[in-house]
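Trainee: show me how the following folds:
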Amino acid sequence: MKLSDDFFERMKIILKDEYNSFVESLKLDRAKGIRVNTLKLSLEEFKEISPFSSLEPIPWEERGFYIKDDKPGKHPYHQAGLYYIQEPSAMAVVPALNIMPEDKVLDLCAAPGGKSTQAACYLNSKGLLVCNEIEPKRAKILSENIERMGIKNAVVTNNSPRELEKVFKGYFDKIIVDAPCSGEGMFKKEEAAIQDWSVENVEGCAVRQREILESAANMLKAGGYIVYSTCTFSFEENEETIDYFLKKHKEFELINIEKNFGFKSGLYEYFDNENLARAVRLFPHRLKGEGHFIALLRKNSGEDFSYTPLKSNVKKNELKDYYIFLTENLNIEIEENFYLTGENLYSFPKNLCTLKGLKVLRTGIHLGSFKKNRFEPNHALALSIIDRDAKRSVNLSSDSEEIMSYLKGDVIKAKVDDGWCLMLVDGYSIGWGKAVKGVVKNHYPKGLRL
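Mentor: I've put the predicted structure just below:
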């Protein structure tokens, strides 16, 4: 489908003498990347077992690599959460936020989960990660990706920014606003981005982005940071949105992002605000990536708020079947921040406040469900633990027929004692099985099966 003439005329204004180079870059194949999940293995370990024909480092994210291979989502390592498929320039956003362990981090527009799962690696299973998505179907995908990556300290919500604001006012240390946008950096990947593009859509996105930033500002504590990003090139959705926000919010300042790796300064010359040069633009003709805008905002002052901590809503004597499961099948103890929703038991992150009034899809690790006189572990628990945590395990080779059979939902024959088994691919957890007399019943979730 042909790109709009209006789009090209706008890009001529933005890029000036770089315009022709930009147009030529649109004819090239899009850059493909994966990011290693260091919650599960080190970069060195991944390089040793990598299923890809080549790994070229992405310079702005040490966990990121360019790949050339097609269909990286088909390998069992993907199902095991050893890596996340992510557009390379999108990996530049989270590093700008300088996330530290113990931070409370919000990813406000989080689906499908690229930046959330990246932030989780920086938190390294400490602190708190709240991942929100307003669209229910996309929120479900987000929750599945949080689960697949084995993230222990994440809460997944399905609310509007305004609804979140009522609960989390002045709460977070760091906030990611990867704002819904006109998607001009997605033209190579999604035909719909071309079809949906119009000047009116650009302007509509800008209005929505300002509203989202407003809510983010109210949820950030004094001294905290917001990273604002889009995968589009328009003035309205980038510098103009930031300029509007800064004029309204004198308590915020724009922090400089280093102009390395081909990053270009924010286009300040069109506005009465030279500080906009502190933001960065990633253009596909200047680096291997499809394009992004990134601005880092610091909140210098604000009110202090107090919060009611979330407390366990289940008594120890109600957890009898869970403790039986734990004793018979695992070698670990799980932090006892228990929360029961219906028959589903979660272990929620410390320092989490009450979530009253919010639609919550995942409150930490989904440990499992209480059935009649038994406790059945959840897939999320399997993906959050490692081989030595389980009393029994079955290890399948990534290039074997057995692992493909397991991912299809078939039973597996194995010499293993009866009971729940942690299923592994090349030593990394991928799900549950339950062994009875040398036959392992498959508990890989039906919705995920090949």
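Trainee: direction included, what does the lengthiest strand in the chain pair up with?
Mentor: Longest strand in the chain by number of residues, with DSSP state E as the criterion: strand 220-230. Here strand 220-230 is paired, per DSSP bridges, with strand 172-178 (parallel), strand 292-299 (antiparallel).
Trainee: after the longest one, next one along is what?
Mentor: Secondary structure here is assigned by DSSP states H and E; on that basis, the next helix or strand after strand 292-299 toward the C-terminus is helix 320-329.
Trainee: quick check: what element follows that following helix along the chain?
Mentor: Sequence order places strand 338-341 as the next helix or strand after helix 320-329, per DSSP H and E.
Trainee: residue 70 versus the residue nearest to residue 164 when sequence neighbours are not counted, what's the distance?
Mentor: Among residues not flanking residue 164 along the chain, residue 132 sits closest, at 6.0 Å (C-beta to C-beta, 6 or more residues apart in numbering). Backbone N, C-alpha and C define where each C-beta goes, glycine included. Using C-beta to C-beta, to the nearest Å, we find residue 132 at a distance of 32 Å from residue 70.
Trainee: who has more neighbours, the two?
Mentor: residue 132 (26 against 8; other C-beta atoms under 10 Å).
Trainee: now for the more buried one: which residues touch it?
Mentor: Going by C-beta atoms under 8 Å, 6 or more residues apart in numbering, residue 132 touches 106, 107, 108, 109, 110, 139, 156, 157, 158, 159, 161, 164.
Trainee: phi, psi of it?
Mentor: phi -120, psi 140 (degrees, to the nearest 10).
Trainee: tell me the contacts of residue 406?
Mentor: Residue 406 is in contact with 396, 412, 423, 430, 431, 433, 442, 444, counting by C-beta under 8 Å, 6+ apart.
Trainee: one more: residue 268?
Mentor: Residue 268 touches 239, 274, 275, 276, 277, counting by C-beta under 8 Å, 6+ apart.
Trainee: residues making contact with stretch 330-346?
Mentor: When contacts are defined by C-beta under 8 Å, 6+ apart, stretch 330-346 is touched by residues 310, 312-314, 318-319, 322, 326, 347-350, 352, 362-371, 375, 378, 385, 388-391.
Trainee: how far away from the center of its chain is that stretch?
Mentor: Here the centre of stretch 330-346 is set off from its chain's centre by 23 Å, with C-alpha atoms, centre = their mean, to the nearest Å.
Trainee: any idea how far apart the tips of that stretch sit?
Mentor: Chord length of stretch 330-346, first to last residue, is 17 Å (C-alpha to C-alpha, to the nearest Å).
Trainee: for the record, mean pLDDT for that stretch?
Mentor: For stretch 330-346, mean pLDDT is 90.
Trainee: next, the buried residues of that stretch.
Mentor: For stretch 330-346, burial by neighbour count (16 or more other C-beta atoms under 10 Å) applies to 330, 334, 337, 338, 339, 340, 345, 346.
Trainee: and what of stretch 57-77?
Mentor: With burial defined by 16+ other C-beta under 10 Å, the residues of stretch 57-77 counted as buried are 58, 60, 61, 63, 64, 65, 66, 67, 72, 75, 76, 77.
Trainee: and the nearest residue to the first one once chain neighbours are set aside, what does it touch?
Mentor: This means residue 58. Closest residue to residue 58 apart from its sequence neighbours, by C-beta to C-beta, 6+ apart: residue 64 at 3.6 Å. Neighbour list for residue 64: 33, 34, 35, 36, 57, 58, 86, 88, 91 [criterion: C-beta under 8 Å, 6+ apart].
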